[in-house]
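1. when you get a sec, could you give me coordinates for this:
(one chain, ligands or ions: 2)
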Amino acid sequence: MHADQSSQPPSLSIVIRIDSTYPADVTMLQWPILIIGAGTWGASTALHLARRGYTNVTVLDAYPQPSAISAGNDVNKIVSFTDPPADDDPEFVNKTFFAALTKGFQHDPVFKPHFHNVGNIISAFSAGGLKHIGRRDRRGADIVELDSPEDFRSAFPSGILSGPLPGWKGYWRKNGAGWVHARNALVSAITEAQRLGVTFIGGESEGKVVRLLFSSNNNGAQDIIGAETADGKQHLASKVILAAGANADQFLDFKKQLRPTAWTLAHIRMSPEEAKAYRNLPVLFNADQGFFIEPDEENHELKICDEHPGYCNWVYASDGERRSVPFARHQIPLESAERIRGLLRATMPQLAERPFSFARICWCADTVDRNFLIDYHPDYPSLLLAVGASGRGFAHIPSIGGFIVDRLEGRMDERIATAVRWRPEQAVDRDWDDTQNRFGGPYAVMDFQKVEGWTDVEDS
Ligand code: FAD
Ligand code: FSA
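-> Ligands and ions are numbered 1, 2, ... in the order given. As a prediction, the model looks like this:
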């Protein structure tokens, strides 16, 4: 660990701080703090700072809130609950994160209304996929094994899963699992943070950060002092928290610790009557083919994702090194659209040929081990990194900000701090094409530069 700002004892961070817990050094509460990115983690961090009594917090985002490119700006995301771990649990870190989000969705009024406890089914059909789901989170009561298409159909109201589900096997967790209305939870966090005094500045001119600002002292040691937005304004701060998701990689040399990678999603619109018939379905996730969640209540749109190891956008430097550079697009590759229809043909063929009402690519940043990266930068003592959500970071919206503020205050539990540390040693010989325990699609990381055609969905 580096650049700790105080030497307070570590705290177990599973408590959701609905009541503020003041840092020992209360002068910190007046520090100007700048958060770059008002997406899932930036919004959560802003909320937790405000709840702890920080009075001078500004959040910058390249888009008005909720950001059109935030990975969290979505109709739904999968969530599952976990009990707090025993102190000597070998999975202490992961379970502590999950126990904290559990508490948040169960008790925090900002998030509780957006969680739907409909259960989930984790399934697969390939040998690798089946092995993977066998190891996945199957904690909790009420786990039912599903071995045949009939077993799957029994989890759904009759007539919905009318497809053949060839070779599908899985686990149905009936309780403490389901989905969250992601956009509403994100907006709820932002609204509450604003109510508590946080300033959000969004937009391509006044909110888009174009560069970080650094100072250097007589010894040549550098530190961050703020960020400059596209309108030329310099936002100075005592601490800067970089929470720009997949785009964080563009501001600093992360030493290959982040791989910006995109996934694909599409919606189909249903009638109000259909939406009613498809209400309260369990989440159906297949590690080899994708997933869907019941249509949203407001617009009756069913979101479908095809599962695959992700797309990168490789750009080569003159020395032959490549890096994946995110770009925004509210369309998906035609091959992905076809995979989405394949998932529907296997599950709900009655919906498989409907036009898409929305489609987009959605960027995350994977670390090598898919643990989060929440740490001070080794060279800039006032820069806190809150990145590397690794395609699984939305569920943590109620609580991740609490961990990030723990790190800011130098009181993150030591085991957690070690797991989420700055760790370039892991990425020295990084295999950029590693599938990182994902299946589906061509069972390989894909390259947007090689995509032959894109959908032409009218953005509604
Ligand atoms: P984001 O939410 O993307 O936020 C980054 C923010 O930075 C954005 O608001 C962006 O506008 C802003 N920004 C970018 N550039 C700049 C700039 N120059 N200046 C200022 N601001 C900038 N997770 C789950 O837990 N469950 C799921 O079911 C799930 N499903 C997923 C499905 C898909 C298709 C995808 C792609 C991801 C899914 N995830 C899921 C992962 C989850 O969405 C992400 O891990 C999480 O939202 C990442 O949060 P973040 O704050 O790091 O990034
Ligand atoms: O169980 C989960 O947390 C699913 S995250 C959903 C998903 O689309 C992944 O399936 C994908 O592999 C990537 O991580 C983006 O998020």
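
2. where's the spatially most central residue of the chain relative to residue 197, distance?
-> Nearest to the mean C-alpha position of the chain, counting by CA atoms, centre = their mean, stands residue 393 at 2.9 Å. Distance, residue 393 to residue 197, by CB to CB, to the nearest Å: 25 Å. Bear in mind the C-beta positions are built from the backbone N, C-alpha and C, glycine included.

3. do the same with residue 165
-> As for residue 165, its distance to residue 197 is 51 Å (criterion: CB to CB).

4. so these two - more neighbours on which side?
-> The neighbour comparison of residue 165 against residue 197 (other CB atoms under 10 Å) goes to residue 165, with 23 against 14.

5. which bits of the protein sit near ligand 2?
-> Proximity of the chain to ligand 2, by CB under 6 Å from any ligand atom, involves residues 78, 263, 285, 305, 307, 364, 391-392, 438.

6. tell me which two of these sit farthest apart.
-> Longest distance between any two of the residues of the chain next to ligand 2 is 16.5 Å, between 285 and 364; criterion CB to CB.

7. give me the pLDDT for the residue in the stretch 101-250 of the chain that ligand 1 sits nearest to.
-> The stretch 101-250 of the chain approaches ligand 1 most closely through residue 245 (2.6 Å), counting by CB to the nearest ligand atom. If you check residue 245, the pLDDT there is 98.

8. kindly report the same for residue 262.
-> Confidence at residue 262, expressed as pLDDT, is 98.

9. doesn't it fall inside a strand?
-> Yes: according to DSSP: H, G, I helix; E, B strand; the rest coil, the state of residue 262 is that of a strand.

10. skip the chain neighbours and tell me the closest residue to the residue of the chain found nearest ligand 2.
-> Nearest residue of the chain to ligand 2: residue 391, at 2.3 Å (CB to the nearest ligand atom). Leaving aside its chain neighbours, residue 391 sits nearest to residue 364 (4.4 Å; criterion: CB to CB, 6 or more residues apart in numbering).

11. and the gap between the one you found and residue 63?
-> Residue 364 is 17 Å from residue 63, by CB to CB.

12. just the strands in the stretch 201-350 of the chain please.
-> Secondary structure of the stretch 201-350 of the chain (DSSP state E, counting those that start in this stretch): strands located at 209-216, 222-229, 234-236, 239-242, 259-269, 283-286, 290-292, 301-306, 311-312, 314-316, 322-324.

13. mean neighbour count for these - can I get that in TSV?
-> TSV is the format used below for these (neighbours: other CB atoms under 10 Å):
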stretch	mean neighbour count
strand 209-216	15
strand 222-229	19
strand 234-236	14
strand 239-242	26
strand 259-269	24
strand 283-286	25
strand 290-292	25
strand 301-306	23
strand 311-312	24
strand 314-316	12
strand 322-324	18
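
14. how about these, which one is nearest residue 425?
-> Across those, closest to residue 425 is strand 259-269 (CB to CB), at 16.2 Å.

15. can you tell if that closest one touches ligand 1?
-> Yes: between strand 259-269 and ligand 1, judged by CB under 6 Å from any ligand atom, the touching residues are 263, 265.

16. look up how far residue 269 lies from residue 338.
-> For residue 338 relative to residue 269 (CB to CB), the value is 20 Å.

17. for this protein, give me the ranges with low pLDDT.
-> Scanning the chain for pLDDT under 70 picks out the ranges 1-24, 136-141, 459-460.

18. who are the packing partners of the biggest helix by length in it?
-> Criterion DSSP state H: the longest helix present in the chain is helix 92-107. On a contact count with 3 or more CB pairs under 8 Å, 6 or more residues apart in numbering; DSSP states H and E, helix 92-107 meets strand 77-80, helix 400-408, helix 414-419.

19. is the next helix or strand after the last one positioned near ligand 1?
-> If I follow you right, that is helix 414-419. On the C-terminal side of helix 414-419, the closest following helix or strand by DSSP states H and E is strand 446-447. No: if you take CB under 6 Å from any ligand atom as the test, strand 446-447 misses ligand 1, and the best it gets is 14.0 Å.

20. parallel or antiparallel, which strands does strand 446-447 pair with?
-> strand 311-312 (parallel) (DSSP bridges).

21. tell me the secondary structure for the residue of the chain closest to ligand 2?
-> Once three-state DSSP is applied, residue 391 turns out coil.

22. that one: neighbouring residues, count only.
-> Neighbourhood size, residue 391 [other CB under 10 Å]: 18.

23. residue 73 against residue 181, yeah?
-> No: checked against CB atoms under 8 Å, the pair residue 73 and residue 181 is beyond contact range at 11.4 Å.

24. which neighbours do the two share?
-> Common contacts of residue 73 and residue 181 (CB atoms under 8 Å, 6 or more residues apart in numbering): none found.

25. what's the domain layout of this structure?
-> What automatic domain parsing lists as the domains of the chain is 26-111+182-257+369-427, 121-177+259-366+433-450.

26. please work out which of these is packed deepest.
-> domain 26-111+182-257+369-427 (a mean of 20; mean count of other CB atoms under 10 Å).

27. how near is the nearest residue to residue 123 once chain neighbours are set aside to residue 391?
-> The spatial neighbour of residue 123 that comes closest, neighbours along the chain excluded (CB to CB, 6+ apart), is residue 170 at 2.8 Å. Per CB to CB, residue 170 is found 20 Å from residue 391.

28. for the residue nearest to residue 328 when sequence neighbours are not counted, what is the enclosing helix or strand?
-> Of all residues not flanking residue 328 in the chain, residue 69 sits nearest, at 4.8 Å (CB to CB, 6+ apart). Of the helices and strands defined by DSSP H and E, none includes residue 69.

29. wait, what's in contact with residue 69?
-> Shown in contact with residue 69 (CB under 8 Å, 6+ apart): 62-63, 328, 363.

30. switch these over to CSV; also include secondary structure.
-> Output for the contacts of residue 69, formatted as CSV (three-state DSSP):
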residue, secondary structure
62, coil
63, coil
328, coil
363, strand
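
31. residue 126 touches residue 288, doesn't it?
-> Yes: at 4.9 Å, residue 126 counts as touching residue 288 under the criterion of CB under 8 Å.

32. which residues does the nearest residue to residue 314 once chain neighbours are set aside form a beta bridge with?
-> Excluding the flanking residues, the one nearest residue 314 by CB to CB, 6+ apart is residue 322, at 4.6 Å. Taking DSSP bridges as the rule, residue 322 bridges to residue 316.

33. what's near enough to touch residue 322?
-> 314-316, 432.

34. and the stretch 201-350 of the chain, which residues reach ligand 1?
-> Residues of the stretch 201-350 of the chain lying near ligand 1 (CB under 6 Å from any ligand atom): 207-209, 243-245, 247, 263, 265, 305.

35. one more: the stretch 51-200 of the chain?
-> Residues of the stretch 51-200 of the chain lying near ligand 1 by CB under 6 Å from any ligand atom: 60-63, 67, 69-72, 77-78.
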